[in-house]
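*Asks:* take this sequence and fold it.
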Amino acid sequence: MECMSKMWGLVPVLLLVSYLQNCVHGEPEVPCYFIFGDSLSDSGNNNKLVTLGRANFPPNGIDFPNGPTGRFCNGRTIVDVLAELLKLDDYIPPYATVSDHRILEGANFGSGSSGIRDETGRHYGDLITMKEQLKNYQVAVSRITNILGNDTAAMDHLSKCLFTVGIGTHDYINNYLLPQLYPTNSEYTPVQYASVLINQYFQQLKTLYKNGARKVAIFGLGRLGCTPIELGLYGDVTETECVEFVNDAVQLFNERLVKMVDDLNSNLTDAHFTYINMSGIQSFDAAAFGFRVKNNGCCGGQLPCLPFAAPCRNRTEHLYWDFINPTEAANMIFAQRAYISQSPSDAHPMDIHTLAQLHFGEADDT
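*Replies:* Numbers count the residues shown, from 1 in each chain. Have a look, this model is predicted:
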């Protein structure tokens, strides 16, 4: 904890890298980690799908030890950095390739371009929706049950695992904010759309709970109005500004997400859900951490990162890797604040480090 708190006194991202490497030794904080989400967490599940929403080609992975694995990033995603902070032995493998030996330690079900809604992101091609990710997880639970011998042992094991869910970004960027391709913008007001998404999300998270999840961190949506794609589509703005009507729409979703987390904790036995305030976390002083470019992706600018495109050289100075997804340098900062809150508003009711320490049946005193 002391090591982590000292990190916030360091400004340059390269020093942040050094501190992360030195702070994450010791026993794993959880025995297993399961991940659900979209391009912000996908580690290769889309690789064999027929889709434009893939990232298993250069220059993706240019700073990752294994090269282009399917991560929509130059290096580590936010869930990769969280795995390091949790002191796990390795990054969590994609469900598409996870073996029975590894599945006891978790799996990453995330799929680029996917959303809460089934139609989200379909203009890119095939993807794995949140509903389908949950079906894959149910198959994974069956595999774990077979390995451990019975349902009781499987549920006990899963109750100790950490789960993170980060989805909804593409329900806006690749659905509601693309009226040329999707009708939702004309069917719902921003308030109505946020409520429709939350109602569906609530049912999905209850399914996750019914299948053994007890310690679940829910990532709120980030400042989507500041992403290069939205600046390119809607932004008659300077490099320091964002598209505020997009951020306002997203905030409606996030406000309901906080209430949903409270409802889940109140109504589900032994449930420990927590909300990670990505919008607030992304409001940090980027310049103080050495980020000089915030309005263009390092690869592609305000357009997708294409195969074998030439990326920028100053990757630690770019907030975004492509037109939607952050760079490794940004992910390191976001993950650290999700793991240990810098501000009381970063997480509700607890940060991920606190969540990981909870034991099944333990009361929440936060």
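*Asks:* who's in contact with Pro326?
*Replies:* Listed by Cβ atoms under 8 Å, 6 or more residues apart in numbering, the contact partners of Pro326 are Leu40, Cys73, Ile78, Leu319, Tyr320, Phe334. No exception for glycine: its C-beta is placed from N, CA and C like everyone else's.
*Asks:* where does the fourth one land on pLDDT?
*Replies:* I take that to be Leu319. You'll see Leu319 listed with a pLDDT of 98.
*Asks:* so it sits right up against Phe291, yeah?
*Replies:* Yes. In this structure, Leu319 is within contact of Phe291 by Cβ atoms under 8 Å, at 4.8 Å.
*Asks:* who has more neighbours out of these two?
*Replies:* Per other Cβ atoms under 10 Å, whichever of Leu319 and Phe291 has more neighbours is Leu319, with 23 against 20.
*Asks:* distance check, that one against Lys135.
*Replies:* Going from Leu319 to Lys135 by Cβ to Cβ, to the nearest Å gives 35 Å.
*Asks:* ditto for His101
*Replies:* His101 is 22 Å from Lys135, by Cβ to Cβ.
*Asks:* what's the answer for Arg71, then?
*Replies:* Distance of Arg71 to Lys135, computed by Cβ to Cβ: 23 Å.
*Asks:* ok, now Lys206?
*Replies:* 15 Å.
*Asks:* can you show me the helices along the stretch 51-200 of the chain?
*Replies:* Assigned by DSSP state H, counting those that start in this stretch, the helices in the stretch 51-200 of the chain fall at 78-85, 100-103, 130-148, 151-159, 169-171, 184-187, 190-210.
*Asks:* chain center to the helix or strand where Asp263 lies: distance?
*Replies:* Assigned by DSSP states H and E, Asp263 belongs to helix 244-267. Put simply, helix 244-267 sits 16 Å off its chain's centre (Cα atoms, centre = their mean, to the nearest Å).
*Asks:* average pLDDT for the helix or strand just after it?
*Replies:* Remark: after helix 244-267, the chain's next helix or strand is strand 272-276, criterion DSSP H and E. Regarding strand 272-276, the rounded mean pLDDT is 98.
*Asks:* got the CA coordinates for strand 272-276 in PDB?
*Replies:* Extracted C-alpha coordinates of strand 272-276, given in PDB (Å, rounded to 0.1, in the frame of the first residue of the first chain):
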ATOM      1  CA  HIS A 272     -19.900  -7.400  -3.400                       C
ATOM      2  CA  PHE A 273     -20.300  -5.300  -6.400                       C
ATOM      3  CA  THR A 274     -18.300  -2.000  -6.800                       C
ATOM      4  CA  TYR A 275     -18.300   0.800  -9.300                       C
ATOM      5  CA  ILE A 276     -15.100   2.200 -10.800                       C
END
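*Asks:* list the strands paired with that strand, with their directions.
*Replies:* Sheet pairing for strand 272-276, assigned by DSSP bridges, gives strand 215-219 (parallel), strand 347-348 (antiparallel).
*Asks:* residues making contact with the last one?
*Replies:* This points to strand 347-348. Outside strand 347-348, the residues touching it (Cβ under 8 Å, 6+ apart) are Val258, Val261, Thr274, Tyr275, Ile276, Asn277, Ala338, Ser341.
*Asks:* residue contacts, the residue nearest the centre of the chain?
*Replies:* Nearest to the mean C-alpha position of the chain, by Cα atoms, centre = their mean, lies Gly166 at 4.0 Å. Shown in contact with Gly166 (Cβ under 8 Å, 6+ apart): Phe36, Gly37, Asp38, Leu40, Ser41, Ile78, Val79, Gly110, Ile218, Phe219, Met278.
*Asks:* try 6 Å
*Replies:* Gly166 makes contacts with Gly37, Leu40, Ser41, Phe219, as judged by Cβ atoms under 6 Å, 6 or more residues apart in numbering.
*Asks:* could you give the number of residues near the second one?
*Replies:* Read it as Leu40. Neighbours of Leu40 (other Cβ under 10 Å): 25.
*Asks:* burial check on the nearest residue to Leu205 once chain neighbours are set aside, number of neighbours?
*Replies:* Setting aside the residues directly before and after it, Leu205 is nearest to Leu264 in space (Cβ to Cβ, 6 or more residues apart in numbering), at 6.3 Å. Leu264 sits with 20 neighbouring residues when counted by other Cβ under 10 Å.
*Asks:* Leu264 contacts Tyr275, doesn't it?
*Replies:* No. Applying Cβ atoms under 6 Å, one finds Leu264 not in contact with Tyr275, separated by 10.1 Å.
*Asks:* and stretch 53-72, which residues are buried?
*Replies:* For stretch 53-72, the buried set under the neighbour-count rule, 16 or more other Cβ atoms under 10 Å, comprises 53-57, 59-64, 68-72.
*Asks:* name the nearest residue to Asp248, ignoring sequence neighbours.
*Replies:* Nearest non-adjacent residue to Asp248, counting by Cβ to Cβ, 6+ apart: Pro190, 7.3 Å away.
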